[in-house]
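Undergrad: sequence isn't available, so here's the structure alone:
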């Protein structure tokens with residue numbers, strides 16, 4: 001009886017093993033298939049290279065209004081925070097003492113001019129008499145010297161009268177430039193002095209405006225090398241274009257241009273200043289505002305961009321990529337990347353057009369491993385082969 005039971009158990013085991021191997025009548029191949037990897041085919045493309053720099057807005061023109069004569073502020077003729085035009089009257093200093101000084105200077109000038117007539121007539125008479133020896137030569141020389149002295153006094157008093165007139169005009173403090181005026185530091189009745197260090201108000205021209213941004217000197221050297229080698233071409237023969245991103249991340253709608261770059265490198269930061277100019281008709285950009293400037297460096301007609309996910313680093317920090325050679329075997333290659341462009345790396349050395357670079361499935365392969373190649377789909381969320389294997393499972397069931 002025991003042998004019979006053993007026979008039945010052994011028969012059931014053989015039957016179960018047969019069913020597992022046959023897989024419901026459809027045998028599976030024995031032995032592993034090559035790992036599946038997704039690749040991109042390297043193709044050069046035209047790329048406009050840009051540099052994003054942090055910068056500050058500054059006014060196109062700035063005028064600090066100060067008094068040029070001393071006196072009491074009699075009137076203030078502007079509203080703080082409004083736009084003024086060049087020549088507009090801003091403050092009126094009490095002109096009484098300057099009017100009196102100007103009147104005195106004019107009176108002195110008139111007196112000197114009146115005296116000049118008599119001196120000139122005397123010199124003319126003595127000249128005629130000296131010609132016939134009716135007076136001595138010394139008397140004529142004295143008359144001639146008196147004439148020249150009177151003429152000099154006229155010039156001196158003309159200058160004094162002009163200075164008094166200028167001082168009187170300076171009692172009217174006018175706007176030197178057009179722009180927006182800030183707050184006033186004085187009120188009516190305040191005493192101001194000539195050329196005082198404290199400004200009365202500041203006028204700033206806000207259309208257009210400057211944007212000043214520091215740039216690394218190393219980046220400038222790299223840019224010049226790329227231009228010299230022909231890898232990079234100027235995007236504009238005349239002016240370098242620039243764009244702005246505001247503090248809240250919204251792009252500024254108007255385009256600017258690079259005005260100039262400073263000729264001195266700051267030794268403490270190894271950077272220099274780039275100055276751009278932007279139109280500002282709505283006064284959206286205000287002095288001191290933080291912005292990010294995007295400057296067009298140039299155009300690379302044969303740029304090689306690869307997905308960042310396909311680039312790894314070795315123990316020395318060098319960028320490496322896994323490629324598929326002509327025999328569908330994995331190959332490791334050291335490359336050189338310059339910068340990130342969005343979600344891609346700009347490769348400057350190590351890759352050439354037509355290369356097949358693995359971007360998905362890298363963890364499955366080693367150099368020399370045979371692989372099964374599929375085209376990379378950037379919009380696919382699953383890894384290579386996942387969708388196909390799921391479909392095969394569904395069909396088998």
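TA: Nice, thanks for sending it over. Note that the structure is a prediction, hence the values are computed from the model and not measured.

Undergrad: which of the residues in the single longest strand found in the chain are buried?
TA: Secondary structure assigned by DSSP state E gives strand 45-65 as the longest strand of the chain. By neighbour count with 16 or more other C-beta atoms under 10 Å, strand 45-65 contains the buried residues 47, 49, 50, 51, 53, 55, 57, 58, 59, 60, 63, 65. For the C-beta atoms, the positions are set from N, CA and C on the backbone; glycine is no exception.

Undergrad: show me which of those is closest to residue 343.
TA: For those, the closest approach to residue 343 (C-beta to C-beta) belongs to residue 47, at 14.3 Å.

Undergrad: for the closest one, what are its contacts?
TA: 299, 300, 303, 305, 341, 346 (C-beta atoms under 8 Å, 6 or more residues apart in numbering).

Undergrad: of these, select the buried ones using a ChimeraX command.
TA: To isolate the buried subset of the contacts of residue 47 in ChimeraX, counting by 16+ other C-beta under 10 Å, use the following:
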select :300,303,305,346
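
Undergrad: quick one: low-confidence ranges for the protein?
TA: Within the chain, the stretches with pLDDT under 70 are 1-32, 220, 222-239, 262-263, 378-397.

Undergrad: in it, which spans are helices?
TA: Along the chain, the segments classed as helices by DSSP state H run 2-22, 96-131, 137-170, 217-229, 386-396.

Undergrad: flag every buried residue along the second one.
TA: Neighbour-count burial for helix 96-131, counted by 16+ other C-beta under 10 Å, picks out 98, 101-102, 105-106, 108-109, 112, 116, 119, 122-123, 126, 130.

Undergrad: on that earlier part again, note down every partner strand of the longest strand of the chain and its orientation.
TA: As defined by DSSP bridges, the strand partners of strand 45-65 come to strand 201-216 (antiparallel), strand 290-307 (antiparallel).

Undergrad: could you dump these to TSV with distance to residue 321?
TA: Putting the strands paired with strand 45-65 into TSV (distance: least, C-beta to C-beta, whole Å) gives the following:
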stretch	distance to residue 321
strand 201-216	28
strand 290-307	7
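
Undergrad: residue 293 pairs with what?
TA: Where residue 293 sits in a bridge, its partners, by DSSP bridges, are residue 53, residue 244.

Undergrad: okay, now it: neighbour count?
TA: 25 (other C-beta atoms under 10 Å).

Undergrad: what sits against it?
TA: Applying C-beta under 8 Å, 6+ apart to residue 293 gives the contacts 52, 53, 54, 55, 211, 213, 242, 243, 244, 245, 274, 276.

Undergrad: residue 83: which of these is nearest?
TA: Comparing the contacts of residue 293 against residue 83 with C-beta to C-beta places residue 211 closest, at 21.5 Å.

Undergrad: any idea how far stretch 186-197 is from the chain center?
TA: How far stretch 186-197 lies from its chain's middle: 38 Å, per C-alpha atoms, centre = their mean, to the nearest Å.

Undergrad: thinking again about what came up before, of the contacts of residue 47, closest to residue 366?
TA: Nearest to residue 366 among the contacts of residue 47, with distances taken as C-beta to C-beta, is residue 305, at 26.2 Å.

Undergrad: for that closest one, list each beta-bridge partner.
TA: residue 346.

Undergrad: quick check: the gap between it and residue 325.
TA: 22 Å (C-beta to C-beta, to the nearest Å).

Undergrad: same question for residue 68.
TA: 81 Å.

Undergrad: most packed of the strands paired with strand 45-65?
TA: strand 201-216 (a mean of 20; mean count of other C-beta atoms under 10 Å).

Undergrad: could you list the domains of the chain?
TA: 36-47+303-389, 95-170 (automatic domain parsing).

Undergrad: next, format the ones you listed as a markdown table and append distance to residue 254.
TA: As requested, these are exported to a markdown table (distance: least, C-beta to C-beta, whole Å):
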| stretch | distance to residue 254 |
| --- | --- |
| domain 36-47+303-389 | 24 |
| domain 95-170 | 39 |
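
Undergrad: looking at it, residue 354 is touching residue 44, isn't it?
TA: No: in this structure residue 354 lies outside contact range of residue 44 using C-beta atoms under 8 Å: 10.1 Å.

Undergrad: higher neighbour count, those two?
TA: The neighbour comparison of residue 354 against residue 44 (other C-beta under 10 Å) goes to residue 44, with 14 against 8.

Undergrad: if we can go back for a sec, ok, the contacts of residue 47 vs residue 358, which is closest?
TA: Closest approach between these and residue 358, by C-beta to C-beta: residue 305, at 16.0 Å.
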